[in-house]
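# using only what follows, build the 3D model:
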Amino acid sequence: MEKAVAGRKPRIAVVYGGRNTEHEVSLDSARSVLENIDRTLFEVLPIKITPTGVWSWGDESLLKLEYQRSSALPIANTVFSKTSAPYLIKHESQLPELALNAESIDIIFPVLHGAFGEDGTLQGLLEMVGIPYVGANVLSSAICMDKEVAKRLVAAAGLPVVPYLTIYRYDWPARKEQLIAAIDEKISYPLFVKPVNSGSSVGISKVSNPAQLDKALEHAFQYDVKILIEKAINAREIEFAALENLQYGEQPLVSLAAEVIATREFFDYESKYSDTGGAQFFIPTKLSTEELSQGQAYSRLIFKTLCCEGMGRIDFLLDKENGTWYFNEVNTIPGFTLMSKYPKLWAVSGLSYQALITHLLQLAIARHQRLAKLQRTFQE
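Okay, here's the model as predicted:
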C-alpha cells in the first residue's frame, strides 16, 4: 500500500465505543483489531467515543481494563455532549487536539456496532469531511441496519424471507386488536419480536403464546420505535462472511459457512458475549456441496442487492424440514472480538486476521480514490 503522506506510514484511526447498546462489544472488537493490525504498514491512532457521545483519544494499554469496567455500566438513554467544535477530538489530559480531517487521518476504521456507527450516520460524517473509511457506505449501512427494509429488498430480488409483520410504536395501542389478528393469521406462534434497528440480539424476545406478546413488545420498544414480528421456524442458523473483491466490479468473496447452535431459548446477547456455554459454534460447519454452493451464491446476490461494500456477515435460517434458505440479516460491521465468527470464518477460508484488516484498508483507499475522480461541481 502506498504511503498516504511522504515520510510516514498511512495513519489509521480505529474508532470504537459509541453511544448505543453495543458499546461494550465495540471495545472488545477494537482491542482485537488494534492487536492484529499490521504495524509495519500502518501508524495507528485509537479514538474512543464515550457512551455520552464525546470523542477522545483512546489508550491501547487501558482498553482491556476499560472493556471490563464498562461492561457493568448502563449505556441506554444517553445523550450527545455539546461541544463547540464537533469535528475536533479532545482528551482529558494534556494530549494535543486532533482535527478530524483528511490531513491528520488517512483512513478511519470504524469498529462501532449498532446505532451511530453501523447505520450510516458516521459514514455520512466521514463523507462530509472527506476521510476514507472501512466498510459499507451510507446507503448500504442504513439499509442493512433496518432489518425490515433489508428483508423487503431481498424478497423483491426473489429470495425467501421468513413471514413477518412490522409494528410501529404509535400503531400498537391504537390498532392493537387488528394487529393481534394479523399476527395470528400471518405469523402464528411461536414467533420472535425484534427491534428493527438493534444489534447483538438486544431487545429480542421469543414469544410462545399471545399472553407473552405485550411484555415482549414493551421490551422491544425500549430500543426502537419500529418492531419486527417474525415467525419462528425449525431451522439451522448458518452464516457466511462476505468481502468485497480488491478487483473492482468482480464478484464479492464469500467464506465457508459457520453454524450457531444455541443452548438457550435462542442466541441472545448473553450467549454471544457473556456465557461461553450459551451456544456451540461450528466453523466451518458441515453442509453438502450443493448447500454450500447455494448459500454462497445467495450471499453474493444479497451483498449486491443491498449495495454492500467492504464487508458483511450474512445470516440465514436453513429450514430443517424442507431445506429452504431464508435470509435473516446482514451485519455491515460484524464483531471482531476473539469470539467473533467473521474473522474466524476468513481464517478457516485461508485469510488471516491481519491480512483481512489490510484487505479492508486497501478497499477503503481504492473507493476513496474512485469517488475523488467524480465531478462535484456543475460545469456546462
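
# which parts of the stretch 101-250 of the chain are strands?
107-111, 164-168, 191-195, 205-207, 226-231, 235-243 (DSSP state E, counting those that start in this stretch).

# point out the most buried one among those strands.
strand 107-111 (a mean of 26; mean count of other CB atoms under 10 Å). Backbone N, C-alpha and C define where each C-beta goes, glycine included.

# other SSEs contacting it?
Applying 3 or more CB pairs under 8 Å, 6 or more residues apart in numbering; DSSP states H and E, we find strand 107-111 packed against strand 11-17, helix 23-36, helix 121-129, helix 353-372.

# now render those as JSON lines, adding mean pLDDT and distance to Leu256.
What follows is the helices and strands packed on strand 107-111, written out as JSON lines (pLDDT from 0 to 100; distance: least, CB to CB, whole Å):
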{"stretch": "strand 11-17", "mean pLDDT": "93", "distance to Leu256": "27"}
{"stretch": "helix 23-36", "mean pLDDT": "90", "distance to Leu256": "20"}
{"stretch": "helix 121-129", "mean pLDDT": "93", "distance to Leu256": "29"}
{"stretch": "helix 353-372", "mean pLDDT": "95", "distance to Leu256": "14"}
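
# got CSV for these, with distance to Ala232 too?
Below are the helices and strands packed on strand 107-111 laid out as CSV (distance: least, CB to CB, whole Å):
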stretch, distance to Ala232
strand 11-17, 33
helix 23-36, 25
helix 121-129, 31
helix 353-372, 33
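
# nearest to Lys320, of the ones you listed?
Among the helices and strands packed on strand 107-111, the nearest to Lys320 by CB to CB is helix 23-36 (29.3 Å).

# just how off-centre is the closest one within its chain?
Here helix 23-36 shows a centroid-to-chain-centroid distance of 13 Å under the convention CA atoms, centre = their mean, to the nearest Å.

# also compute the angle for it relative to strand 107-111, please.
Inter-element angle recorded for helix 23-36 and strand 107-111: 130 degrees (by axes from the mean of the first three to the mean of the last three CA atoms, to 10 degrees).

# ok, and what's touching whichever helix or strand comes after helix 23-36?
As assigned by DSSP states H and E, the chain's next helix or strand after helix 23-36 is strand 43-49. With CB atoms under 8 Å, 6 or more residues apart in numbering as the test, strand 43-49 has contacts from 8-19, 30, 34, 37, 55-60, 63, 66, 89, 98, 105, 112, 116-117.

# between strand 43-49 and helix 23-36, how many degrees?
Using the same axes, to 10 degrees, the direction of strand 43-49 lies 170 degrees away from that of helix 23-36.

# buried sites along strand 43-49?
Buried residues in strand 43-49, defined by neighbour count with 16 or more other CB atoms under 10 Å: 44-49.

# can you redo the strands of the stretch 101-250 of the chain as CSV with mean pLDDT and distance to Leu256?
CSV is the format used below for those (pLDDT from 0 to 100; distance: least, CB to CB, whole Å):
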stretch, mean pLDDT, distance to Leu256
strand 107-111, 96, 24
strand 164-168, 94, 28
strand 191-195, 93, 27
strand 205-207, 92, 28
strand 226-231, 94, 27
strand 235-243, 97, 8
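
# this structure: helices as residue ranges?
Shown for the chain, the helices assigned by DSSP state H span residues 23-36, 60-70, 121-129, 138-145, 147-156, 171-174, 176-186, 213-220, 269-273, 289-305, 341-348, 353-372.

# Pro252: which of the ones you listed is closest?
Shortest distance between Pro252 and the helices of the chain, using CB to CB, is found for helix 289-305: 4.7 Å.

# Val149 - how many residues pack around it?
Val149 has 17 neighbours, counted by other CB atoms under 10 Å.

# how about it: what's its closest non-neighbour residue?
Computed as CB to CB, 6 or more residues apart in numbering, the closest residue to Val149 that is not its neighbour in sequence is Ile143, at 5.7 Å.

# and what of Ala115?
Spatial nearest neighbour of Ala115, excluding adjacent residues (CB to CB, 6+ apart): Asn20 at 4.1 Å.
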